[in-house]
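In: Give the three-dimensional model of this entry:
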Amino acid sequence: MNTNLTETQKDYAVFLPAVSGFYATFIGKQRFEEYVNYKRIPKNFVNGVESLNFLDPKAQFNYKWCLYSAGHAALDLNKDAPGEDMFRNRDKSTSWTLGDSGGFQIGKGVWEGDWKDPHCPKASKKRTAVLKWMDALMDYGMILDIPAWVSRSPEGQKATGIKKYEDALAATDINNQYFMKNKTGACKFVNVLQGENHTDADNWYEHMKHYCDPKQYPETHFNGWAMGGQNMCDIHLVLKRLVALRHDGLLEKGVHDIMHFLGTSKLEWATLLTDIQRAVRKYHNENFTITFDCASPFLATANGQVYTSIEIEDRKKWVYRMIASADDKKYSTDTRPWRDGVLADSIFPKFEDSPVTKGLTMKDVCIYAPGDLNKMKKEGKTSWDSFSYAIQMGHNIWMHLTAVQEANRQYDAGMIPAMLVDESFDRVMLKDIVEAIFATSNKEESEMIIEEYSRYWMSIIGTRGAVGKKTVNASTQFANLFEEV
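Out: Below you'll find the model as predicted:
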């Protein structure tokens, strides 16, 4: 069982677990108080609750990359925030964190203010706080974009003054200008691209691309890209955008090395993005790195589910299985190993242990016995306490990371997911097309190759389950962040 997933990352596109505030709270608060009773901590957690902090090489497993959102954060750096100490006091020499700006909170109307007015006090206060927070804590951060889908969100429209696509574009422009003028350089920022169709996405790019141009802004330009809306779930648009970036001089080594894809969970896309990263590195920018995130490991647990296995077969759909976890008060005294118990009692048809569950017992998760009172001094229906969720989230993180790396390993070994090969006539493989697109330095030729395979792009399922023109912005289907089978 591999416990150092940093070492096995190789040259794959980098998956970033989108760490939940709930999960980070356990790690952070335990550093200041006995937030989790010491007797409650499983015996296999040799470093206590810190064993769940995968950014720490001494944890149950180590993985140095993640994403954390300003939308979860205590943005006032002058106030103590033990719950986010995982990020406030992380070792930057052994970890790398991308900050999400909190655009989702704006879109859902949580962060109120007239965002299209640069002088709105509420919007200005939040804008300033987000920038200071990222500058202090993150390696890279996303500018505070206003997702185009906010114009379709009733609560977003009411709270933000954003009524249409043009409003979201204008409001994001205001935030871009503020970030460019006020960032310190401690954190590098990526320019977020939005738009829910090709026309709007193209317009957004043309309007915002100058913020990454070192010719216009030699000292203050942004340092990469984040793909939101249609840009992150439509492979046709992704390739068009990359070719445009290359020939606009906005994908340069040491200047624009990072491209992030928001809310991307499908295993097939993990290999697809690796193909793109390798091609760009080979023909244009050897430092180019694609990152992608999702909150699946955390949302799955919140819904009572655990990753049980990974299924990767040649020319089949590639998935990680999630099944409702063991939750029964009869297990409160059960000392069987977790894996033995869930298999013997047919809770899961199969189960792959992780460094978190190896050594775990049934009673470590199902902690409450009949009659036990929870923190609210009431007897609940579940056998789980809050730390039961954190434990299973840790397992799910390891499983998702392992699934992404294993998908890439098997892809390199010759296995191909059904979605990425078309054998209707002549065999068409995505990696070959991507190679051809970037092998030529002629823009028109690259664009012709992309358009030649336009029907093929329509068959590649987007990161939210739709194909082609039906592919939608991830943020509009936030509740479906993971693939359930």
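
In: Which pLDDT does the model give residue 1?
Out: As predicted, residue 1 sits at a pLDDT of 82.

In: How about the contacts made by it?
Out: By C-beta atoms under 8 Å, 6 or more residues apart in numbering, the residues touching residue 1 are 353-355, 358. Using the backbone N, CA and C atoms, a C-beta is placed for each residue, glycine as well.

In: Quick one: buried ones out of those?
Out: Restricting these to buried positions leaves 353-355, with burial counted as 16 or more other C-beta atoms under 10 Å.

In: Tabulate the residues you listed (TSV), appending distance to residue 20.
Out: Formatted as TSV, these follow (distance: C-beta to C-beta, whole Å):
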residue	distance to residue 20
353	23
354	18
355	20
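
In: closest to residue 6 among those residues?
Out: Set against residue 6, the nearest of the buried ones among the contacts of residue 1 by C-beta to C-beta is residue 355 (13.4 Å).

In: three-state assignment of that closest one?
Out: The three-state label given to residue 355 by DSSP: H, G, I helix; E, B strand; the rest coil is coil.

In: Let me see the contact set for it.
Out: For residue 355, the contacting residues are 1, 3, 60-61, 398, by C-beta under 8 Å, 6+ apart.

In: can you tell me which two in those residues are farthest apart?
Out: The most widely separated members of the contacts of residue 355, counting by C-beta to C-beta, are 1 and 60 (10.4 Å).

In: what touches both of these two?
Out: Common neighbours of residue 1 and residue 60, using C-beta under 8 Å, 6+ apart, are 354-355.

In: which non-adjacent residue is nearest the residue of the chain positioned farthest from its centre?
Out: Ranking residues of the chain by C-alpha distance from their mean position (C-alpha atoms, centre = their mean) puts residue 371 at the top, at 39.5 Å. Closest residue to residue 371 apart from its sequence neighbours, by C-beta to C-beta, 6 or more residues apart in numbering: residue 379 at 6.4 Å.

In: residue closest to the middle of this protein?
Out: residue 293 (1.5 Å).

In: where's it, which helix or strand?
Out: Per DSSP states H and E, residue 293 falls inside strand 289-294.

In: immediately after that strand, which helix or strand?
Out: helix 296-302.

In: And the helix or strand following that following helix, what's buried?
Out: Next in sequence after helix 296-302, counting helices and strands by DSSP H and E, comes strand 305-311. Across strand 305-311, burial judged by 16+ other C-beta under 10 Å covers 305-310.

In: If I look at the residue farthest from the centre of the chain, what pLDDT would I see?
Out: We have a pLDDT of 96 for residue 371.

In: Check residue 470 too.
Out: Taking residue 470 on its own, its pLDDT is 44.

In: quick revisit: quick one: neighbours of the residue nearest to residue 371, just the number.
Out: Using other C-beta atoms under 10 Å, the number of residues around residue 379 comes to 12.

In: where exactly do the helices run in the stretch 151-300 of the chain?
Out: Secondary structure of the stretch 151-300 of the chain, counting by DSSP state H, counting those that start in this stretch: helices at 154-160, 165-182, 198-208, 235-247, 267-283, 296-302.

In: my read: residue 313 touches residue 418, true?
Out: No: using C-beta atoms under 8 Å, residue 313 makes no contact with residue 418, being 9.0 Å away.

In: Have a look at these two and say which one is more surrounded.
Out: The residue with more neighbours, out of residue 313 and residue 418, is residue 418; 16 against 12, by other C-beta under 10 Å.

In: Contact partners for that one?
Out: 315-317.

In: any chance of those residues in TSV, plus pLDDT and neighbour count?
Out: What follows is those, written out as TSV (pLDDT from 0 to 100; neighbours: other C-beta atoms under 10 Å):
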residue	pLDDT	neighbour count
315	93	12
316	94	13
317	94	16
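
In: TSV for these, including secondary structure and distance to residue 459?
Out: Shown next, in TSV, are those (DSSP: H, G, I helix; E, B strand; the rest coil; distance: C-beta to C-beta, whole Å):
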residue	secondary structure	distance to residue 459
315	coil	14
316	coil	15
317	coil	13
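
In: Could you export those as TSV, including distance to residue 68?
Out: Shown next, in TSV, are the contacts of residue 418 (distance: C-beta to C-beta, whole Å):
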residue	distance to residue 68
315	37
316	34
317	31
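
In: Just name the closest of those to residue 164, please.
Out: Out of the contacts of residue 418, the member with the shortest distance to residue 164 (by C-beta to C-beta) is residue 317, at 37.6 Å.

In: before we move on, the earlier item: spit out the contact partners of the residue nearest to residue 371.
Out: Here residue 379 is in contact with 371-373 (C-beta under 8 Å, 6+ apart).

In: Residue 194 too?
Out: Going by C-beta under 8 Å, 6+ apart, residue 194 touches 145-148, 168-169, 172, 200-201, 204, 228-229, 231, 473.

In: Mind doing that once more with 10 Å?
Out: 103, 145-150, 165, 168-169, 172, 200-201, 204-205, 208, 226-232, 262, 473, 475 (C-beta atoms under 10 Å, 6 or more residues apart in numbering).

In: what's the pLDDT at it?
Out: Listed pLDDT for residue 194 reads 96.

In: how far away is it from residue 435?
Out: Going from residue 194 to residue 435 by C-beta to C-beta, to the nearest Å gives 29 Å.

In: next one: residue 343
Out: 44 Å.

In: Over to residue 288?
Out: 15 Å.

In: Which one's more surrounded, the two?
Out: residue 288 (23 against 15).

In: ok, now which ones touch the residue nearest to the more buried one when sequence neighbours are not counted?
Out: Nearest residue to residue 288 in three dimensions, chain neighbours excluded: residue 280, at 4.4 Å (C-beta to C-beta, 6+ apart). With contact taken as C-beta under 10 Å, 6+ apart, residue 280 is in contact with 242, 245-246, 251, 259, 286-290, 434, 437-438.

In: Highest neighbour count among those residues?
Out: Tallying neighbours with other C-beta under 10 Å puts residue 259 at the head of the contacts of residue 280, with 28 neighbours.

In: What's opposite that one in the beta bridge?
Out: Per DSSP bridges, the residues bridged to residue 259 are residue 225, residue 290.

In: so where is the stretch 51-200 of the chain shaky, pLDDT-wise?
Out: Within the stretch 51-200 of the chain, no stretch falls below the threshold (pLDDT under 70).

In: could you measure residue 225 against residue 65, distance?
Out: Separation of residue 225 from residue 65 (C-beta to C-beta): 17 Å.

In: quick one, which of these two is more surrounded?
Out: Counted by other C-beta under 10 Å, residue 225 and residue 65 do not tie: residue 225 has more neighbours, with 27 against 22.

In: Check what pLDDT that one gets.
Out: Residue 225 is assigned a predicted lDDT (pLDDT) of 98.

In: can you tell me which residues contact it?
Out: Counting by C-beta under 10 Å, 6+ apart, residue 225 touches 142, 190-193, 205, 208-209, 212, 231, 241-242, 245, 250-251, 256, 258-261, 290.

In: chain center to the strand holding residue 293: distance?
Out: Centroid separation for strand 289-294 versus its chain: 6 Å, with C-alpha atoms, centre = their mean, to the nearest Å.
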